[in-house]
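**Student:** Mind folding the following:
(chains A and B)
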There are 2 protein chains.
Amino acid sequence: MRHGVSLAAVLTVALAVDQMYVQYQIPEDDPRHLPVVLLHGCCLSGKTYETTPDGRMGWSEYFVRKGRAVYTPDQVSRARSGFDATTINMVRLGTLPASALPNIFTFSHEDAWTLFRFGPSFGTAFSDEQFPVNAADEFGKQVIPDLNALLPALNPTYANLAALGRRLKGAVLMGHSESGFFPEEAALIDPRGIKGLVSIEGSCTRSFTNQPPPTPQEIAKLATIPILVIFGDHIADSPSWPPLFSGCQQFVQAVNAAGGDAMMLHLPDAGLFGNSHMLMQDKNNLQVADLILAWIDERVEGKQ
Amino acid sequence: MRHGVSLAAVLTVALAVDQMYVQYQIPEDDPRHLPVVLLHGCCLSGKTYETTPDGRMGWSEYFVRKGRAVYTPDQVSRARSGFDATTINMVRLGTLPASALPNIFTFSHEDAWTLFRFGPSFGTAFSDEQFPVNAADEFGKQVIPDLNALLPALNPTYANLAALGRRLKGAVLMGHSESGFFPEEAALIDPRGIKGLVSIEGSCTRSFTNQPPPTPQEIAKLATIPILVIFGDHIADSPSWPPLFSGCQQFVQAVNAAGGDAMMLHLPDAGLFGNSHMLMQDKNNLQVADLILAWIDERVEGKQ
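**Tutor:** Here you go, the predicted model:
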């Protein structure tokens, strides 16, 4: 697949109900750079990183154009990875009670508008909003049911990401929102193929999975890998975000206190204003990508 | 998206629970040819047309390299298109009985081996088998639960395909297996954007959906569009296939009797032997694609 741009291709890295679909694209020239793995968040799929809702270039194409092999998984139990239908089948057959059915996550257009910080109330955008709010309906079509409640507490996507990193002989893992801390979880399982961790607007305290925050031992392990944590703008304008932001600030401090190289990139501090939760689809999404590319060049590849 | 190869991009063509994810790739040069829409079958996704289970080039890339814009949907209620979770939620909440849950289709590796004509019994290949049976486990990872039982009888994918054809200002639609007759169903809803129909190993009598076979009026409508029906080898070696094959032979005859241009391409008659049900992944998959390309050139584009 290294002859020409591998236009559309797939590998799967796990078996049976743990199976994970990964789409990939490899630049035509032999890559000089580490591959990048782009993982989507709740109620979404790898589509997150393709064209933006208003039809601009997404990160999966942009990173390829910047010489990076790009791997875009669908989380285990989502989209092209499929899911384990056993529980639903057993309830249908009367072997399990209806209460055994999973709590299926999704969100409405209205919920997304404020939660994803498109604006202060549904239909109203922040004055400097970067999300292409005129295409909010198109974004709504990307939302699909999230069946992660069917998964064991140790989400198989973590181990699959670690396996993918090893198969790639080293990669930068990126997660977003629900999966923001998945790169770190993968590194805790097996860091050997993971050269850099990028966590975008996730929970560094594991609040999304109701697990205890990282222990000092875990922090010490993560301190061996460069970490970039990214948050957009208007954190204070939506009640969900300040605790996540401060949790990640403390995580960054803890990693650095343990001798690591962690960096908090709060976009307004870098001069980028108005970014939403879906910053990979924002109008300045390629500028944000450039900051990530610069970080990889300097802190990951520059230190190899 | 016509500047350079549009590496990975998506449009969606419908709203809400009818939403359909469509991945697309457009050749770098302005396309001289009609776009091609490649739709997958039961318990599978658009991954069907990406790299083969043994890692060779799939049809989605090959058709792009042959100058065609390629659109690869995930059927409504499948994969990146998502599904309507209402029924499952209502059963969980006790508003509907467990019996309201959908019958979820899937197939095991063992079932697929004989049903998809990899060989006469699980683990044994036909002597001239074209499917890359050494990668059968990889193929198994592509299998995902099929929730089409959640859909109304008039599957929304039909109308979405018709809408996609119109949006593309003319396209060749291709369906496979479960979706083998979907191109025809789309044309019956709105033929204006549909320039050619390719039905691969499907049911031309609608037996998969328990609908009545096409009426003379419907046959007359379909006779206005060039139709190619394709079957692989070893039809007589698996009991499921002879009725589907003869049903499609009769359909082809009926279309031609109504003044249409329908063609049955039974691959052994064209000198290609050993093809399985997954002929777009077979070892000679690009030879099969060449026959389709030649048909499009002659019977579709040659007549425009």
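**Student:** What distance do you get for A:G175 to B:F63?
**Tutor:** Per C-beta to C-beta, to the nearest Å, A:G175 is found 33 Å from B:F63. C-beta here means a position set from N, CA and C on the backbone, and glycine is covered the same way.
**Student:** Pull the residues that contact the helix ranked longest in chain A.
**Tutor:** In chain A, assigned by DSSP state H, the helix with the most residues is helix A:241-257. Helix A:241-257 has contacts (C-beta atoms under 8 Å, 6 or more residues apart in numbering or on different chains) with A:117, A:199, A:201-205, A:207, A:213-214, A:219, A:222-223, A:227, A:229, A:231, A:234-236, A:261-264, A:266.
**Student:** In contact with the residue in the stretch 201-304 of chain A positioned nearest to chain B: list those residues for me.
**Tutor:** Chain B sits closest to A:Q281 of the stretch 201-304 of chain A, with a gap of 11.6 Å, by C-beta to the nearest C-beta. By C-beta under 8 Å, 6+ apart, the contact set of A:Q281 is A:T48, A:T52, A:P53, A:G58, A:F131, A:P132, A:F139.
**Student:** ok, and does stretch A:74-88 reach over to chain B?
**Tutor:** Yes: judged by C-beta under 8 Å from any C-beta of the partner chain, stretch A:74-88 and chain B are in contact via A:D74, A:A79, A:R80, A:S81, A:G82, A:F83, A:A85, A:I88.
**Student:** Go ahead and confirm the third one touches A:Y21.
**Tutor:** Yes: counting by C-beta atoms under 8 Å, A:Y21 is a contact partner of A:R80 at 3.9 Å.
**Student:** okay, and the common contacts of the two?
**Tutor:** Taking C-beta under 8 Å, 6+ apart as the contact rule, A:R80 and A:Y21 both touch A:G46, A:D74, B:S45, B:K47.
**Student:** can I assume the last one sits in a strand?
**Tutor:** No: when classified by DSSP: H, G, I helix; E, B strand; the rest coil, B:K47 is found to be helix rather than part of a strand.
**Student:** That one and B:H40 touch, don't they?
**Tutor:** Yes: look at B:K47 against B:H40 with C-beta under 8 Å: they come within range, at 7.5 Å.
**Student:** Would you map the strands across the stretch 201-304 of chain A?
**Tutor:** For the stretch 201-304 of chain A, applying DSSP state E, counting those that start in this stretch gives strands covering A:227-231, A:262-266.
**Student:** can you redo those strands as a markdown table with mean neighbour count, mean pLDDT and distance to B:F182?
**Tutor:** Output for the strands of the stretch 201-304 of chain A, formatted as a markdown table (neighbours: other C-beta atoms under 10 Å in any protein chain shown; pLDDT from 0 to 100; distance: least, C-beta to C-beta, whole Å):
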| stretch | mean neighbour count | mean pLDDT | distance to B:F182 |
| --- | --- | --- | --- |
| strand A:227-231 | 25 | 98 | 42 |
| strand A:262-266 | 19 | 98 | 46 |
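**Student:** sorry, back to before: can you tell me which of the contacts of helix A:241-257 are buried?
**Tutor:** A:117, A:199, A:201-205, A:214, A:219, A:222-223, A:227, A:229, A:231, A:234-235, A:261-262, A:264, A:266 (16 or more other C-beta atoms under 10 Å in any protein chain shown).
**Student:** Can you list the neighbours in contact with stretch A:126-140?
**Tutor:** The list of residues contacting stretch A:126-140 from outside it, by C-beta under 8 Å, 6+ apart, reads A:52-56, A:109, A:112-113, A:116-120, A:125, A:232-234, A:237, A:272-276, A:278-279, A:281-284, B:12, B:15.
**Student:** re the thing from before, list just the nearest of the residues of stretch A:74-88 next to chain B to chain B.
**Tutor:** For these, the nearest to chain B is A:G82 (2.8 Å; C-beta to the nearest C-beta).
**Student:** How about that closest one: what's its closest non-neighbour residue?
**Tutor:** Spatially, and ignoring its direct neighbours in sequence, A:G82 is nearest to B:I144 (2.8 Å; C-beta to C-beta, 6 or more residues apart in numbering or on different chains).
**Student:** The one you found: neighbouring residues, count only.
**Tutor:** 23 (other C-beta atoms under 10 Å in any protein chain shown).
**Student:** Repeat that for A:L151.
**Tutor:** Neighbours around A:L151, by other C-beta under 10 Å: 20.
**Student:** Enumerate every residue touching it.
**Tutor:** By C-beta under 8 Å, 6+ apart, the contact set of A:L151 is A:V76, A:S77, A:T157.
**Student:** out of these, which are inside strands?
**Tutor:** Among those, no member is found in strands (DSSP state E).
**Student:** Can I get these in CSV including pLDDT and neighbour count?
**Tutor:** As requested, the contacts of A:L151 are exported to CSV (pLDDT from 0 to 100; neighbours: other C-beta atoms under 10 Å in any protein chain shown):
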residue, pLDDT, neighbour count
A:V76, 97, 26
A:S77, 97, 23
A:T157, 98, 27
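**Student:** With respect to chain B, which of those is nearest?
**Tutor:** The closest of those, once distances to chain B are taken by C-beta to the nearest C-beta, is A:S77, at 10.1 Å.
**Student:** Show the contacting residues for the closest one.
**Tutor:** Taking C-beta under 8 Å, 6+ apart, we find A:S77 in contact with A:F83, A:D84, A:L147, A:N148, A:L150, A:L151.
**Student:** And the residues you listed, which two are furthest apart?
**Tutor:** Across those, the longest distance by C-beta to C-beta is 11.4 Å; it joins A:D84 and A:N148.
**Student:** okay, the two: which has more neighbours?
**Tutor:** A:N148 (22 against 18).
**Student:** doesn't A:Q75 make contact with the more buried one?
**Tutor:** Yes: counting by C-beta under 8 Å, A:Q75 is a contact partner of A:N148 at 7.1 Å.
**Student:** Counting neighbours, what do you get for A:D128?
**Tutor:** Count around A:D128 with other C-beta under 10 Å applied: 11.
**Student:** If I look at it, what pLDDT would I see?
**Tutor:** For A:D128, the model assigns a pLDDT of 98.
**Student:** Same check on A:D18?
**Tutor:** 87.
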